[in-house]
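>>> give me the fold of what follows.
(one chain, ligands or ions: 1)
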Amino acid sequence: MEKELWSSRGAFIMAAVGSAVGLGNLWRFPYVVYENGGGAFLIPWVVALVTAGIPLLMLEFALGHMMRAGAPKSFHNIARSSWVGWGCLLNGFVIVSYYAVVMGWVFVYLYYSIGVQWGDRAEEFFFKDFLGLSSGPGELGGMRWPVLLGLVLTWISIFLIIFKGVRVVGKVVAVTVPLPALLILLFVARGMTLDGALEGLKFYLKPDFSKLLDPKVWLAAYAQVFFSLSLAFGIMVAYASYLHERSDVVGSAIITAALDAGISFVAGFAVFSVLGYLAFQKGVGVPEVVAGGPSLAFVTYPTAIKLLPFGASFFGLCFFLMLLTLGIDSAFSLVEAFVAGVKDVWNISRTKATLISCLLPMIGGLIFCTKGGLYWLDIVDHFITNFGLTFFGAVECLVVALFGRRILKEHMNRVSKIKVGKWWDFCIGVLTPLILVISIVMNLIERIRKPYEGYPGWALALGGWGVVALVIIAALILGYLSRRRFERLNSGPVS
Ligand code: TRP
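Numbers count the residues shown, from 1 in each chain. The predicted structure is shown next:
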């Protein structure tokens, strides 16, 4: 069968940028900057980009491009360790199961934007009216039907975008990448012309250099880069496998990282100028309104939009359209990576593989559609990003550094204009795994000292440790099964 390919290198880069640029650029990056020393944080962040983000992106691009396969098969070919590929994909599976729920909220909020239906009580509207939030993770309290509707709409969109293959994906990202970037610029322009904007920006970028002495700040920079570039999810491996045989992967990695970083930085202006305005309107200090994550997107920003002097409905619609187009290409990139992984091992049709890869995380996501769903989302997110992602990130680096560093580097340098040298070996073989391991250990110590957010132990055992353990066990099982198949295929007649 003919291997499917991107229509151009530009389409590939767009898709990679689409995966990298997501909700995190808007609701995570600016908040992380604010919390970790403002402008001073840009130093560890750039260091993390150059020493971990770009080298890892090169690794994943080169691996997928060289092996022309999804993550499990690529890791099998380079180091007989397809379980690493599966672990990456399964982590992403867990993340996409709740990321899609958030996308579902966005779908519903597009509708609520018409007439700014949250009024001047966005907080109550979101937590009480919309989510119907229960008293804790122990009380699921039944389904929230509007959330479920949003979730189903999200999964239908994802299915329709990817089931035909990467050619359609290439067309979709030609819209879902530039559009949110333009909308961010719209919000920067609107935000900067509001009262209090400059005061808000001070809190985004005023540097506190003393923070640079705190190792936690450096770890936060690496975590942000990892999450934002969608590294260690097998996504970039799968996307690069659809490239033409000769394609400059080093250049593509640099461009992708630069675009993602640039969009993060600019998004901070859209966020903090509007936060400054909100503080000004309320007559409070900026720190009192600062938020990240869902609170920023569904409470704080909507509150500010309602206070705009004109066009609140319009800006509300633009805001949620921006979130939708920011997030959807991150979500479907992971599903695509999973489909690629499954198809390499089992001989099933693309449509069937896509259907399974959409239905499973959708069913898993049902728990987040209940009234207690937000608690579970919070728990699962914390553990999978702090333990699952970092664990497989470290393993990915070590496995490649130990078994495949040389051939991968040869391949990279053969197809790319910029050649990589010893610094790359050091970054992926020593520095990045070391930082990830330190981060895991520090997080472990913190979790042993006090339970996350004071949730009950059983809930953390189930949604936190349990989910991480399940991912690792399932990765080992799938790795074992697929390894046997790969070995049988290789020893069979050459087709
Ligand atoms: N890069 C995305 C962002 O910044 C987040 C992300 C990373 C993600 N890996 C993912 C989203 C896998 C969905 C699935 O928002």
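
>>> please save the CA atoms from stretch 340-359 in CSV.
Below are the C-alpha coordinates for stretch 340-359, written out as CSV (Å, rounded to 0.1, in the frame of the first residue of the first chain):
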residue,chain,number,x,y,z
ALA,A,340,-0.9,5.5,13.1
GLY,A,341,0.5,3.4,16.0
VAL,A,342,-2.4,0.9,15.8
LYS,A,343,-2.3,0.6,12.0
ASP,A,344,1.4,-0.3,12.1
VAL,A,345,0.7,-3.3,14.2
TRP,A,346,-2.7,-4.5,13.3
ASN,A,347,-4.0,-4.8,9.8
ILE,A,348,-7.2,-2.8,10.1
SER,A,349,-8.8,-0.1,8.0
ARG,A,350,-8.1,3.5,8.7
THR,A,351,-11.8,4.2,9.3
LYS,A,352,-12.0,1.4,11.9
ALA,A,353,-8.8,2.4,13.6
THR,A,354,-10.1,6.0,13.8
LEU,A,355,-13.4,5.0,15.1
ILE,A,356,-11.9,2.9,17.9
SER,A,357,-9.4,5.7,18.7
CYS,A,358,-12.2,8.2,19.1
LEU,A,359,-14.7,6.0,20.9
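
>>> up against the ligand, what does this structure have?
For the chain, the residues in contact with the ligand (C-beta under 6 Å from any ligand atom) are 20, 22-25, 92, 95-96, 99, 227-228, 230, 233, 330-331, 334. In short, each C-beta sits where N, CA and C put it, glycine included.

>>> the same query, at a cut-off of 5 Å, please.
22, 23, 24, 92, 95, 96, 99, 228, 230, 233, 330, 334 (C-beta under 5 Å from any ligand atom).

>>> of these, which is the nearest to residue 125?
Among these, residue 23 lies closest to residue 125 (C-beta to C-beta), at 19.8 Å.

>>> from memory the closest one sits against residue 330, does it?
Yes. Judged on C-beta atoms under 8 Å, residue 23 makes contact with residue 330 at a distance of 7.4 Å.

>>> need the residues touching each of the two.
Counting by C-beta atoms under 8 Å, 6 or more residues apart in numbering, the contacts common to residue 23 and residue 330 are residue 99.

>>> can you map out the helices along the stretch 151-300 of the chain?
166-176, 178-192, 197-205, 215-228, 235-241, 249-282, 293-295 (DSSP state H, counting those that start in this stretch).

>>> out of the ones you listed, indicate the one that is most buried.
Among the helices of the stretch 151-300 of the chain, ranked by average contacts under mean count of other C-beta atoms under 10 Å, first place goes to helix 235-241 (a mean of 29).

>>> run through who's touching stretch 400-410.
59, 62-63, 66, 78-81, 420, 424-425, 428-430, 433.

>>> then stretch 34-45?
So stretch 34-45 is in contact with 32-33, 203-212, 216-218, 220-221, 224-225, 261, 272, 290, going by C-beta under 8 Å, 6+ apart.

>>> redo that, cut-off 6 Å
33, 203, 205-209, 211-212, 217-218, 220-221 (C-beta atoms under 6 Å, 6 or more residues apart in numbering).

>>> now for those: which two are most distant?
Between any two of the contacts of stretch 34-45 (C-beta to C-beta), the greatest distance is 21.1 Å, for 203 and 218.

>>> more neighbours, residue 23 and residue 330?
The neighbour comparison of residue 23 against residue 330 (other C-beta atoms under 10 Å) goes to residue 330, with 26 against 22.

>>> excluding its backbone neighbours, what's nearest that one?
In space, and not counting its chain neighbours, residue 330 is closest to residue 22: 3.5 Å by C-beta to C-beta, 6 or more residues apart in numbering.

>>> next one: residue 354
residue 163 (4.3 Å).

>>> okay, and residue 459 sits in which element?
Using DSSP states H and E, residue 459 sits within helix 457-460.

>>> going by proximity to the ligand, name the top residue of the stretch 101-250 of the chain.
Of all residues in the stretch 101-250 of the chain, residue 230 sits closest to the ligand, at 4.0 Å by C-beta to the nearest ligand atom.

>>> for the nearest residue to residue 175 once chain neighbours are set aside, give me its contacts.
The shortest distance from residue 175 to any non-neighbouring residue, by C-beta to C-beta, 6+ apart, is to residue 325 (7.3 Å). By C-beta under 6 Å, 6+ apart, the residues touching residue 325 are 176, 179, 180.

>>> helix or strand right after the helix or strand hosting residue 325?
In this structure, residue 325 sits in helix 312-345 according to DSSP H and E. Counting by DSSP H and E, the next helix or strand C-terminal to helix 312-345 is helix 350-364.

>>> shaky segments in the stretch 251-400 of the chain?
Residue ranges of the stretch 251-400 of the chain with pLDDT under 70: none are present.

>>> past the helix or strand where residue 400 lies, which element shows up next along the chain?
Per DSSP H and E, residue 400 falls inside helix 389-403. As assigned by DSSP H and E, the chain's next helix or strand after helix 389-403 is helix 405-415.
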